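Asker: prediction below, plus the sequence it came from.
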Amino acid sequence: MSVLQQAGQQIISMTAEAVGALGTEFSEEQVRLEVPKDKSFGEFSVNTAMQLASVLRKNPRQIAQEIIANMKTENTYVQEVSMAGAGFINFRLSQRYYIDVIKEIFAQGDDYGKCDIGKGKRVNVEFVSANPTGPVHIGNARGGAVGDVLAEILSWAGYEVTREFYINDAGNQMEKFGASLEARYLEMFGKEFTFPEGGYEGDYIKEIALEYAKAHQKKLLTEESETRQEILARFGLEKNLSEIKRALDEYGVAYDVWYSENSLYEQGCVAEAIEQMKKTGSTYEEDGALWFRASEWGCDKDFVLVRSNGLPTYIMPDIAYHLNKLQTRQFDIAIDVWGADHHGYVPRMKSAIKALGIDEDRLGIILMQFVRLVRQEEVVRMSKRRGEMITLSDLVAEVGRDAARFLFNYYNFNTHMDFDLDLAVEKSNENPVFYVQYAHARICSIISQLRATETIEADLSLLTEEEEIELIKVVARFSEEIAVAAETFDTSRIPKYAVEIASAFHTFYNRCRVRCEEESLMYARVALIEAVRTVLKNLLNILGVSAPEKM
RNA sequence: GCGCCCUUAGCUCAGUUGGAUAGAGCAUGUGGCUUCGAACCACAGUGCCGGGGGUUCGAAUCCCUCAGGGCGUACCA
């Protein structure tokens, strides 16, 4: 339990106890611990008196007074309890609390900020899963940044995390891919060809075809069209996948598992999943197709699982995939990071999961709102069909990995965001990522200049300035921030929290000199900023953003 | 038609799950380096929390309704 949690728990206990002494039932779970908006009210507050007002039919202020009179603060971090406003009970902590926070940071170092709400549960986070028919485009960039950081947050929160990429290497799009490649291949040798309807028109298709032609020349001209397409598709898939891996690697995203959709077919998982769906008794045949009675499982409409031509629809291998994750591989939780255009897909997937007897809460779905790229105050238009798009590699080359990852996580996944390329590049000093990195570099610089004398044991009780206390108060919240971020899947809390710490540090820096007259105070302050450096570094690590010592 | 998401300062966004006077950054204005990094700090102004009802001690937050924007609603993926 962190120092912060200990203090919080003490307040909860003493509050529940004090209410009990008044002759009223009030459990610890009912105590709502809050942080007052105005710091002059202290570190914590509870609104217990207001909660009890309607029950006791008394003025909340009077109730608050009675609760306070019964409070036992001996041997706790609480120094002072007071009543304010409509009946808030406010708590001020003793200095020992702040000292213990810094000691805790030193003791835990690179692990400071971790918590154990995950209790070792196994979580699978599947994200990006870009279509392997082409390069990773900008739309996937947000999902990549958020998915990767979410995975990291969950791991800090005590979950055992697997990062996974689902390769859509089966079905319709693979055929279109192969047909598109074939057309370009034939075109190259001056043969007759028809470009498939809805095929992939991007230049990279020509490049892949050219590459194959360079290596194998006219070899495929004598083949049947079907085998030709298959060979080209497989060749192109290999190419694209290695390019996708390269781009993601450059972006700082590394996967534990690359899961092939096609392998689900090959291993009979799709057929098996169809059987399982039938066994639920919620399927029926109509017009030669197999339908799932999703309307019985909380979905507005029924939908088709197997078409009348015998081929499964797109959702069938996906059901098999989730069955594989949640049943076969026994993950406790599976999280999917999807684009907002898939939101209609959520109730369908959940209804299937439910019908199969799996607790739907084990499936967490994050819907990523779209990103619009803005340049010169204008929205950059992209067309995947025409192959006009900005790739992840382009973005990283233009704004850098640090800025991209930080900014994508800076906004909650649920907000539509505009990514201003000019702002991210030209006015890079306005970018919050540099603000945080600057704070880190600044601390490193100070510490390196004082390194010779840093070994002396510091007297942390000398840290009494308002800016010093504020700084400690902020860094003390770390594990709490991780816990909330993990529970809400909200990665944006982390960069925002990092900015808050950087800001508290800069304020401190401008108000208090580290290298000051009194040596003992100097050591105490060195210890303080050393602790802050650890926290900033840990936060940047979680974000996958570098923590430079010089800028 | 039905369903989901969004709407908070000039701009980009927070708002601790219903609490105290609604906050940051950017932009604007003023001030701060003979001493640790001025990529920084301090101070200043701006709000019909999209509109209107309701729930209660108390609403930006929960419910209803209307408006605007985005996206779904295939035997496409």
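Answerer: Cool, the structure landed.

Asker: which residues are in contact with the residue in the stretch 151-300 of chain A that RNA strand B sits nearest to?
Answerer: The minimum distance from the stretch 151-300 of chain A to RNA strand B, using Cβ to the nearest atom of the strand, falls at residue A:287 (2.7 Å). Glycine gets a C-beta too; all of them are placed from N, C-alpha and C. Counting by Cβ atoms under 8 Å, 6 or more residues apart in numbering, residue A:287 touches residue A:308.

Asker: return the set of buried residues in stretch A:152-160.
Answerer: Along stretch A:152-160, these residues count as buried under the neighbour rule (16 or more other Cβ atoms under 10 Å): A:152, A:153, A:154, A:155, A:156, A:157, A:158, A:159.

Asker: with stretch A:292-300 instead?
Answerer: Neighbour-count burial for stretch A:292-300 [16+ other Cβ under 10 Å]: A:292, A:293, A:294, A:297, A:299.

Asker: and RNA strand B, which of these contact it?
Answerer: With Cβ under 7 Å from any atom of the strand as the criterion, the buried residues of stretch A:292-300 include none near RNA strand B.

Asker: in strands only, show me those.
Answerer: The members of the buried residues of stretch A:292-300 that map onto strands under DSSP state E are residue A:292.

Asker: lowest pLDDT pick from the buried residues of stretch A:292-300?
Answerer: Minimum pLDDT for these is recorded at residue A:299 (86).

Asker: quick one: it and residue A:345 touch, right?
Answerer: No. Judged on Cβ atoms under 8 Å, residue A:299 makes no contact with residue A:345 at a distance of 10.6 Å.

Asker: before we move on, the earlier item: show me which pair in the buried residues of stretch A:152-160 is furthest apart.
Answerer: Distances among those were taken as Cβ to Cβ; the most separated pair is A:152 and A:158, at 12.6 Å.

Asker: what about the helices in the stretch 1-150 of chain A?
Answerer: A:3-21, A:48-56, A:60-69, A:95-108, A:138-156 (DSSP state H, counting those that start in this stretch).

Asker: how far off centre is the second one?
Answerer: Mean C-alpha position of helix A:48-56 versus that of the full chain (Cα atoms, centre = their mean, to the nearest Å) differs by 38 Å.

Asker: list the buried residues for it?
Answerer: Using 16+ other Cβ under 10 Å as the test for burial, helix A:48-56 gives A:48, A:49, A:50, A:51, A:52, A:53, A:56.

Asker: domain boundaries for chain A, per the record?
Answerer: Structural domains annotated on chain A: A:3-93, A:127-254+A:371-427, A:267-368, A:431-543, as defined by automatic domain parsing.

Asker: RNA strand B contacts on the stretch 51-200 of chain A?
Answerer: With Cβ under 7 Å from any atom of the strand as the criterion, the stretch 51-200 of chain A meets RNA strand B at residues A:51, A:53-54, A:60, A:84-86, A:88, A:90, A:131, A:168, A:171-173.

Asker: now with 6 Å, please.
Answerer: Residues of the stretch 51-200 of chain A that fall close to RNA strand B, judged by Cβ under 6 Å from any atom of the strand: A:51, A:54, A:84, A:85, A:86, A:88, A:90, A:168, A:171, A:172, A:173.

Asker: can you put those residues in JSON lines and add pLDDT?
Answerer: Putting these into JSON lines (pLDDT from 0 to 100) gives the following:
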{"residue": "A:51", "pLDDT": "84"}
{"residue": "A:54", "pLDDT": "74"}
{"residue": "A:84", "pLDDT": "84"}
{"residue": "A:85", "pLDDT": "81"}
{"residue": "A:86", "pLDDT": "80"}
{"residue": "A:88", "pLDDT": "89"}
{"residue": "A:90", "pLDDT": "92"}
{"residue": "A:168", "pLDDT": "93"}
{"residue": "A:171", "pLDDT": "87"}
{"residue": "A:172", "pLDDT": "85"}
{"residue": "A:173", "pLDDT": "87"}
